[in-house]
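> need coordinates for the following:
(chains A and B)
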Amino acid sequence: MVATTDRRVVSNRRPRRAPWTVLRENIVWLVAIAALCYLLLPNLVVVLFSFNKPNGRFNYTWQRFSFDAWRHPCGAPGMCQSLGLSLKIGIAATVASTVLGTMIAFALARYRFRGRTASNLLIFMPMATPEVVMGSSLLTLFVSLGIPLGRTTILIAHIMFCLSYVVVTVKARIAGLDPRLEQAAADLYATELQTFRRITLPLVAPGIAAGALLAFSLSFDDYIVTNFNASNASITFPMYVWGAAARGTPVQINVIGTAMFLVAVLAVGIGQLAGRRRYR
Amino acid sequence: MAVQADTVARPGRRPGRRFAGIPYVLLLPGLLWLGIFFVVPMIFLLSQSLQTGSLETGYRLTFHFATYSDSLSQFARQFLRSFEYAFIATLLALLIGYPLAYTIALKAGRLKPVLLVMVIAPFFTSFLLRTLAWQTILNTDGLVMKFFRTTHLLSVTSALGWTNGQQLLSSPLAVVTGLTYNFLPFMTLPLFASLDRLDPRLLEAAGDLYARPITTFRRITLPMSMPGVVAGTLLTFIPAAVDFINSQLLGNPQTAMIGQVIDGYFLRINDYPTAAALSFSLMLAILILVSVYVRRSGTEELV
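Below is the predicted model:
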């Protein structure tokens, strides 16, 4: 995900420039820092307000510091069930879309066949379609066929919209492979299956992992499509948060938000360390 | 995102005999899924938009095209507003995202991976929670509000119609702030990708030829990053135009965007034909805008 080619910046090598140039370069930096603050401010607020003890039903203004929500993360009725459902659907959707998507990616990246352009178009379409349209069209399908809404219909929808993102991510990785590695394996009398298992798959694995992570975060965070295809008995975490925005926001949703943030940051950190060690 | 033109057959690939069906076997399950749960529903939606009836009495396909013209004239304002907000948000995201991507790609040096993670980091928290956080930030008791009040910026924005009354929330300003915020990473990352590929020797050469930094930027950096600009603006504009989370949580009924209308017609009013007609009009409008934009910007590699 993160390109780590370290390029020396041209301007650093030059002799001192006029002061106004230096100032303008710093202005670019300043704008960048301000932009990062703008991007990260809401995350900071989410973390900070997980330690709040609000007076009313809404957790919008800072009252006083408290660990209450952290001590009773499931204190908000229904929230942990919705979180559990989101995790379950997220994992199932990730597994299914990663398997299906990786197969498609290999077919598209490695073979030339009739209908390839049409397949590419079909993969691209869901990414360009507004979520409202995707969700509502599935709803009309389910309603017309009399399929009851619930966790199955949510899962079907999630696999559908995660699939394209997995294909694009994995395909990019396959396209970037050095073909000589596989040729070398073949020259050393590895069978096609051996080459695939021992060379190709390990090399593509980071792409598959990235695709799976993307799929999980898309599924876990989706509100619009989910809301179209859910019933009152299948409330996912985003649906719970949406409902809370109207009813009253329990501090616990911020606890979950903070915990997810920490887990993700840790995962990315470990991933980067592992990646660095591997290619050293 | 950019769907690349067919990659040339891999060089040096052994032309061994293969079962010609392999790609189809690999494709079949996934494409079948997309066919059944994406293409078929679209056809259902299209047919739904031409039906008349109600949820109770059932629908019949009557090719009632008037649903399109009726719904369009009824919600023209929401349509235009969606594109207006999305346009402003895209412009702002470009103005903020370009310096950010430029800094990360060309100036950050060893900090590059750290800054990149900081751009991606917001995604690690549920976007509904982050949008709700803007309610806290722009709250009447908040610091931002205090700043706006003491500097009398609030009366300026109110006079311009960006805010209404003595609050920042429930206003066009809040909605556009949220839209810009939510889609800024979608702008920054493609910009970064194209700026990161920029050969620094080109910039050096421009400097050696006595180009001023501003000229170097205008003649080298900006043209070279155009694919990123096109990809970033598309990735920002499309989701921003159809978004309704921001206008719902940060706006008021006067800032309603078209996504909200469609959602309401489906889930609350249960008028499926109108909602379906609006959905298709929206897709068509975006398709036309995007193809005109891509053609005019001369970047064919995107589609």
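> relative to B:Ala86, how far out is B:Ile286?
Distance, B:Ile286 to B:Ala86, using Cβ to Cβ, to the nearest Å: 10 Å. Bear in mind the C-beta positions are built from the backbone N, C-alpha and C, glycine included.
> so what's A:Ser164 up against?
Applying Cβ atoms under 8 Å, 6 or more residues apart in numbering or on different chains to A:Ser164 gives the contacts A:Gly101, A:Ile123, A:Phe124, A:Met125, A:Pro126, A:Met127, B:Leu34.
> helices of the stretch 201-303 of chain B, residue ranges please.
B:213-216, B:222-224, B:226-242, B:245-250, B:258-267, B:272-297 (DSSP state H, counting those that start in this stretch).
> which of those helices sits closest to chain A?
Closest approach to chain A among the helices of the stretch 201-303 of chain B (Cβ to the nearest Cβ): helix B:226-242, 3.6 Å.
> quick one: distance of the closest one to the chain centre.
6 Å (Cα atoms, centre = their mean, to the nearest Å).
> can you show me the CA trace of that helix as PDB?
Coordinates of each C-alpha in helix B:226-242 appear next as PDB, following Å, rounded to 0.1, in the frame of the first residue of the first chain:
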ATOM      1  CA  MET B 226      -2.800  15.600 -14.800                       C
ATOM      2  CA  PRO B 227      -3.800  11.900 -14.800                       C
ATOM      3  CA  GLY B 228      -3.800  12.200 -11.000                       C
ATOM      4  CA  VAL B 229      -5.900  15.300 -11.100                       C
ATOM      5  CA  VAL B 230      -8.400  13.700 -13.400                       C
ATOM      6  CA  ALA B 231      -8.600  10.500 -11.400                       C
ATOM      7  CA  GLY B 232      -8.800  12.400  -8.100                       C
ATOM      8  CA  THR B 233     -11.500  14.800  -9.200                       C
ATOM      9  CA  LEU B 234     -13.600  11.900 -10.500                       C
ATOM     10  CA  LEU B 235     -13.100   9.800  -7.300                       C
ATOM     11  CA  THR B 236     -14.200  12.800  -5.300                       C
ATOM     12  CA  PHE B 237     -16.900  14.200  -7.400                       C
ATOM     13  CA  ILE B 238     -18.900  11.000  -8.100                       C
ATOM     14  CA  PRO B 239     -19.300   9.900  -4.500                       C
ATOM     15  CA  ALA B 240     -19.800  13.400  -3.300                       C
ATOM     16  CA  ALA B 241     -22.600  14.000  -5.800                       C
ATOM     17  CA  VAL B 242     -24.500  10.900  -4.600                       C
END
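> next, see if it gets close to chain A.
Yes - if you take Cβ under 8 Å from any Cβ of the partner chain as the test, helix B:226-242 does meet chain A, through B:Ile238, B:Pro239, B:Ala241, B:Val242.
> ok, the closest residue to the last one other than its chain neighbours - contacts?
In this case it means B:Val242. Nearest residue to B:Val242, sequence neighbours excluded (Cβ to Cβ, 6 or more residues apart in numbering or on different chains): A:Pro130, at 3.6 Å. Shown in contact with A:Pro130 (Cβ under 8 Å, 6+ apart): B:Ile238, B:Pro239, B:Ala241, B:Val242, B:Gly259, B:Ser279, B:Leu282, B:Met283, B:Ile286.
> tell me the most packed of these, by neighbour count.
Using other Cβ atoms under 10 Å in any protein chain shown as the neighbour test, the contacts of A:Pro130 are led by B:Ser279, with 31 neighbours.
> ok, now which ones touch that residue?
Contact analysis of B:Ser279 by Cβ under 8 Å, 6+ apart lists A:Pro130, A:Val132, A:Val133, A:Ser136, A:Ser137, B:Leu45, B:Ser49, B:Ile262.
> just flag the most distant two among these.
The largest separation in the contacts of B:Ser279, counting by Cβ to Cβ, is between A:Pro130 and B:Ser49 at 14.7 Å.
> pop the domain breakdown of chain A in here.
Domains of chain A are assigned by automatic domain parsing as A:15-71, A:79-249.
> what residues are shared contacts of B:Ile286 and B:Ala86?
Jointly contacting B:Ile286 and B:Ala86 under the rule Cβ under 8 Å, 6+ apart are B:Ala241.
> which residues of the stretch 201-303 of chain B lie near chain A?
Residues of the stretch 201-303 of chain B lying close to chain A (Cβ under 8 Å from any Cβ) are B:203-204, B:207, B:213, B:238-239, B:241-242, B:244-245, B:249, B:259, B:262-263, B:266-267, B:272, B:275-276, B:279-280, B:282-283, B:286.
> what's the local residue count around B:Ala205?
The number of residues packed around B:Ala205, counting by other Cβ under 10 Å, is 13.
> before we move on, back to that, out of the helices of the stretch 201-303 of chain B, nearest to B:Ser71?
B:Ser71 sits nearest to helix B:272-297 of all the helices of the stretch 201-303 of chain B, at 4.8 Å, using Cβ to Cβ.
> so how far is that closest one from its chain's centroid?
Relative to the centre of its chain, helix B:272-297 is centred 13 Å away, using Cα atoms, centre = their mean.
> next, the angle from it to helix B:258-267.
Angle between the axes of helix B:272-297 and helix B:258-267 is 160 degrees (criterion: axes from the mean of the first three to the mean of the last three Cα atoms, to 10 degrees).
> just to revisit the earlier point, by neighbour count, which of the contacts of A:Ser164 wins?
Taking other Cβ under 10 Å as the neighbour criterion, A:Gly101 ranks highest of these with 29 neighbours.
> so which helix or strand takes in it?
Taking DSSP states H and E as the criterion, A:Gly101 maps to helix A:79-110.
> so which elements touch the lowest-mean-pLDDT helix or strand in chain B?
The least trusted helix or strand in chain B, going by mean pLDDT, DSSP states H and E, turns out to be strand B:58-61, with a mean of 79. If you count contacts as 3 or more Cβ pairs under 8 Å, 6 or more residues apart in numbering or on different chains; DSSP states H and E, strand B:58-61 packs onto strand B:51-54.
> of the contacts of A:Ser164, just say which sits nearest to B:Ser170.
Nearest to B:Ser170 among the contacts of A:Ser164, with distances taken as Cβ to Cβ, is A:Met127, at 32.1 Å.
> for B:Leu198, see how far away the closest one is.
Distance of A:Met127 to B:Leu198, given as Cβ to Cβ: 26 Å.
> same deal with A:Phe58?
Distance from A:Phe58 to B:Leu198, by Cβ to Cβ: 47 Å.
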